[in-house]
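> model this:
(one chain, ligands or ions: 2)
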Amino acid sequence: MTPQQRIAELTERLNHYNYQYYQNSTSEVDDFTFDKLLDELTSLEKQHPEYRQADSPTQRVGGTVSKDFATVYHRFPMLSLGNTYSEEELVEFDTRVRKGLDGADVEYICELKFDGVALSMTYENGVLVQGATRGDGVRGDDITHNIRTIRTVPLRIPAALNPPALFEVRGEGFLPLAEFERINKEREDIGEPLLANPRNAASGTFKQQDSTAVAKRRLDCYLYSFLSEPAPDGTSLFNTHEESLVAMKTWGFNVSPTWKKCADIREVMLYINEWETKRFDLPLGTDGIVIKVNRYDQQQELGYTAKSPRWAIAFKYKAMAASTTLNAINYQVGRTGAVTPVALLTPVLLAGTVVKRASLHNANEIARLGVMLHDTVFIEKGGEIIPKVTGVDLSKRTGQTEPITYPTECPACGTPLVRREGEAHFYCTNTNGCPPQRQARFEHFIQRRAMNIESLGEGKIQLLIERGLVQTPADLYDLTNADLLGLEKAYPADSGPEETGKVRVVKFGQKTVDNILTAIDRSKGQSFANVLFALGIRYVGNTTAERLSDYFGNIDELMNASLEILANVPDVGPRIAQSLVEWFSEADNRLYVERLRAAGLTMVGERKVVEALSDTLAGKTFLYTGTFVNYSREQLEAEIAAHGGKLLSGVSKKLNYLIVGENAGPSKVSKAQQLGVSMISEDEFSAMLNV
Ligand SMILES: NC(=O)c1ccc[n+]([C@@H]2O[C@H](COP(=O)([O-])OP(=O)(O)OC[C@H]3O[C@@H](n4cnc5c(N)ncnc54)[C@H](O)[C@@H]3O)[C@@H](O)[C@H]2O)c1
Ligand SMILES: [Zn+2]
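Numbering: from 1, shown residues only. Ligands and ions are numbered 1, 2, ... in the order given. The predicted model follows:
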């Protein structure tokens, strides 16, 4: 292949990866591979500048704007960062910087490189007026309504703190790891495909049209940059990046406390070493360090390339990898019957923890990796908590390896596995008789958001099932004190899904039994939506259960609804409708519902007759104080309710917004200030309804 052809090929390929990454929030290759290809293109273009294409990814920021959102122009371009994986190149960067400054001393600020989505937020007179994505660096998508759902982004900065009249801050919007795991656990529970990693999940979330859905995922944002026009006399508010970080913090922005000022590149190296494994203790994924020249005048002197500042660079850590032996595969059966292969490994140290298991996803992944039993495999820890198998060390393959034969029958109950059209997983269809499915159905049923009987934990359920006291969750309602009192069993170490290394004793003393029986009895007061969720119908999560309850108002109308009617319910598409129809068409399931009804569970809900105007405010809580120009108090309350918001009776941590009018109550305002509750004017409230 000629250099010209290779340049053309790399340009096309990298532009395609960029498109997938920024527009579709998916990664077809890992970042390291992407960066190597980009490096290759950069050096080829250097040797043959005449072949460089007009749309070369070396010259432009990777993203674009999308037609689903209004386009906004950035006051200051939003650039990318040069990056490196090697310490030598970092030293070269330092040399370049000092040369560019005629040998002056340079202080650096080191920050973690947060793995999420770049966001820009503009404030006018202390009020958040615009939030945007980076887009192509010049223009981005206006996602103000989505950014407003981030609780740690202040909607207004109190005037007492004296923010400049007009300024912009930038930061990384991200999905905290715990939130990512929570969402995936929920998705697994109801049989939705899992989100691939926190970065792509955050990117996909910010691109959603419906900010109610966005609000349900608790996104967060770390701020790392401040921009404003210089004053007429040419002076700027701050002299250093450090000063701006401190000021943003005092204005109420979320600035990660992990940054550090370094006197020279040697101190930068120490910072890099310090965070190599410590970063895994942070609440979010990070993929490196960003090193920035501290002084603004020096930044200005160094300037920018078309794509990135010359005064900053990203040092990226290679993904933490280790190699070890794959000893066996454990096939786990989930609540929906999906079979997931888990690699059992010879324990190995990776990023500070001992790893014994790694995820293999599904049969396709095993085939793609070409992995065999007893192979030496590479495992990696990326932005997720559970490491994954990423490849096979073929140089270590011996005559001992054996092909992996994916089971054709359920490892737990022997039922033949099936794979449905378009699905990656194999399923055990013995929904009611398969032990792990049964156990998982109980665990789903007792969840706080279902029947809320959490005093009955995993181990206790296992014992009740083993002793034949319960077969289905409906049997819980027949349990008596005599059935439970004194039950006891010691389980050997490592018998559960978690390897605690401890012997687990499950014991039903009188107090435990009292708690359980009380919780079971109290569960009869859970709402119809909770009951619907507890049934464990595939794809019917909490929100869907609430929509169904609002729409049908009772179990009988729901059970007898046709596919067409179901598919028309707000937020219920054809796939969920199909799943509901299938579930209710099974005699066992109808019997199960009848037993729950007989036990006294709530089978009617409050049908929402009045059509809500929108759900723009769903998940948000409000309180108002003072008087208003455009609303009476009653009108304000009606607006909040009609758009799905909730009115609280006092200022507390649960309050999201205090609407402040004329003659506002000083105690409410100061309490809101103390608790960091956002305060908005009636105009800002009106603006929230019109997004
Ligand atoms: N795997 C793929 O298919 C694929 C495709 C495209 C891009 N990528 C990855 O994305 C990178 C290019 O993306 P990029 O142009 O956004 O560059 P980048 O992500 O390497 O660096 C710039 C970005 O870093 C972020 N950042 C995080 N913490 C920061 C901090 N403390 N200070 C300043 N910025 C911070 C900002 O969002 C900023 O826009 C590539 O190097 C590649 O690894 C991967
Ligand atoms: Zn089974």
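> Give me the nearest residue to A363, chain neighbours excluded.
Leaving out its chain neighbours, the residue that sits closest to A363 by CB to CB, 6 or more residues apart in numbering is Y406, at 4.9 Å. Where C-beta positions appear, they are placed from N, C-alpha and C, glycine not excepted.
> T64 now?
Closest residue to T64 apart from its sequence neighbours, by CB to CB, 6+ apart: D136 at 5.2 Å.
> Checking my notes, that neighbour in a helix, right?
No. Counting by DSSP: H, G, I helix; E, B strand; the rest coil, D136 falls outside a helix, being coil.
> Could you report the separation of it from Y19?
12 Å (CB to CB, to the nearest Å).
> Please compare these two by neighbour count and tell me which comes out ahead.
Taking other CB atoms under 10 Å, D136 and Y19 do not tie; D136 has more neighbours (17 against 14).
> So that one is in contact with V65, correct?
Yes. Taking CB atoms under 8 Å as the contact criterion, D136 and V65 are neighbours in contact, 6.6 Å apart.
> tell me which strands and helices the strand or helix carrying V339 is in contact with?
V339 belongs to strand 338-350 when assigned by DSSP states H and E. Strand 338-350 sits against strand 320-333, strand 353-359, strand 376-381, strand 426-428, with contacts defined as 3 or more CB pairs under 8 Å, 6 or more residues apart in numbering; DSSP states H and E.
> dump the residue contacts of the residue nearest to T64.
By CB atoms under 8 Å, 6 or more residues apart in numbering, the contact list for D136 reads 60-61, 63-65.
> one more time with 6 Å
Contacts for D136 (CB atoms under 6 Å, 6 or more residues apart in numbering) come out as 61, 63-64.
> now that we have those, which one has the most neighbours?
The most crowded member of the contacts of D136, judged by other CB under 10 Å, is G63 (24 neighbours).
> roughly how far apart are the residue lying closest to it once chain neighbours are set aside and ligand 1?
Computed as CB to CB, 6+ apart, the closest residue to G63 that is not its neighbour in sequence is Y22, at 3.7 Å. Distance of Y22 to ligand 1, given as CB to the nearest ligand atom, to the nearest Å: 7 Å.
> Y22 contacts V65, correct?
No. Counting by CB atoms under 6 Å, Y22 does not reach V65; the two are 10.0 Å apart.
> Residues touching the longest helix seen in the chain, excluding its own?
The longest helix of the chain (DSSP state H) is helix 3-22. The contact list for helix 3-22 (CB under 6 Å, 6+ apart) reads 26-28, 34, 37, 41, 44, 48, 51, 53, 56-57, 62-63.
> Distance from the chain centre to that helix, please.
Averaging C-alpha positions (CA atoms, centre = their mean, to the nearest Å) puts helix 3-22 29 Å from its chain's average.
> Kindly provide the whole-number mean pLDDT of the helix or strand just after it.
Next helix or strand after helix 3-22 toward the C-terminus (DSSP H and E): helix 31-47. On average, the pLDDT along helix 31-47 is 94.
> same deal with stretch 555-574?
Mean pLDDT, computed over stretch 555-574, is 86.
> Equivalent analysis for stretch 80-100, please.
Mean pLDDT, stretch 80-100: 96.
> which one of the helices and strands packed on strand 338-350 is the most hemmed in?
Burial of the helices and strands packed on strand 338-350 is given as mean neighbour count (mean count of other CB atoms under 10 Å); strand 426-428 ranks first at a mean of 24.
> Off-centre distance for the next helix or strand after that one?
Later in the chain than strand 426-428, the nearest helix or strand by DSSP H and E is helix 435-446. Offset of helix 435-446 from its chain centre (CA atoms, centre = their mean): 25 Å.
> Would you tell me which residues of this protein are close to ligand 1?
17-18, 21, 27-31, 34-35, 61-62, 80-81, 83, 111, 113-114, 118, 134, 172, 224, 290, 314 (CB under 6 Å from any ligand atom).
> R538 - that's part of a helix, no?
No. Read with three-state DSSP, R538 is coil and lies in no helix.
> Ranking helices and strands of this structure by mean pLDDT, which lands last?
Using mean pLDDT, DSSP states H and E, helix 633-642 stands out as the lowest-scoring helix or strand of the chain, at a mean of 77.
> Can you give me the buried ones in that one?
Neighbour-count burial for helix 633-642 flags 636, 639-642 (criterion: 16 or more other CB atoms under 10 Å).
> repeat for stretch 21-41
In stretch 21-41, counting by 16+ other CB under 10 Å, buried: 21-22, 25, 27, 31, 34, 37-38, 41.
> Equivalent analysis for stretch 259-277, please.
259-260, 262, 265, 268-269, 271-272, 275.
> and if you look at stretch 672-680?
672, 677-680.
> just those residues now: which is nearest ligand 1?
Nearest to ligand 1 out of those is S678 (CB to the nearest ligand atom; 24.5 Å).
> Tell me the bridge partners for the closest one.
As for beta bridges, S678 partners with Y657 under DSSP bridges.
> pretty sure it contacts Y657?
Yes. Under the criterion of CB under 6 Å, S678 makes contact with Y657 at 5.2 Å.
> show me where pLDDT drops low in this structure?
By pLDDT under 70, the low-scoring segments of the chain are 383-384, 493-501, 608-612, 691.
> Show me how the record splits it into domains.
3-51, 71-316, 321-427, 435-525, 528-599, 621-689 (automatic domain parsing).
> Give me the distance between the two termini of the longest one.
Read it as domain 71-316. This stretch, domain 71-316, spans 31 Å end to end (CA to CA, to the nearest Å).
> Look up the closest residue to D115, ignoring the ones flanking it.
D115 sits nearest to G285 (CB to CB, 6+ apart), 4.2 Å away.
> Kindly apply the preceding question to C413 instead.
That would be C434: by CB to CB, 6+ apart, it lies 4.3 Å from C413.
> phi, psi of that neighbour?
Main-chain dihedrals, C434, degrees, to the nearest 10: phi -80, psi 120.
> That one: what's it in contact with?
412-413, 428.
> Recalculate using a threshold of 10 Å.
333, 337, 410-415, 428, 440-441 (CB atoms under 10 Å, 6 or more residues apart in numbering).
> and what of I404?
Residues in contact with I404, defined by CB under 10 Å, 6+ apart, are 326, 328-329, 341, 360, 363, 366-367, 369-373, 375.
> helix, strand or coil for D483?
helix.
> count of residues packed around it?
Here the number of neighbours of D483 (other CB under 10 Å) works out to 16.
> mind listing what K671 touches?
Going by CB under 10 Å, 6+ apart, K671 touches 650-652, 655, 658, 665, 677.
> same thing with D39?
D39 touches 58, 83-85, counting by CB under 10 Å, 6+ apart.
> so, if you compare the buried residues of stretch 672-680, which one comes nearest to E107?
Comparing the buried residues of stretch 672-680 against E107 with CB to CB picks out S678 as the nearest, at 35.3 Å.
> I'd say that closest one and L623 touch.
No. Assessed by CB atoms under 10 Å, S678 is found out of contact with L623, at 11.2 Å.
> overlap in contacts of those two?
With CB under 10 Å, 6+ apart as the test, S678 and L623 both reach 655-659, 672.
> of those residues, closest to ligand 2?
Ligand 2 lies nearest to N656 out of the shared contacts of S678 and L623, by CB to the ion, at 44.5 Å.
> measure the closest one to R449 for me?
Using CB to CB, N656 is found at 21 Å from R449.
> Neighbour count: those two, which is higher?
Comparing N656 with R449 by other CB under 10 Å, the one with more neighbours is N656, at 20 against 15.
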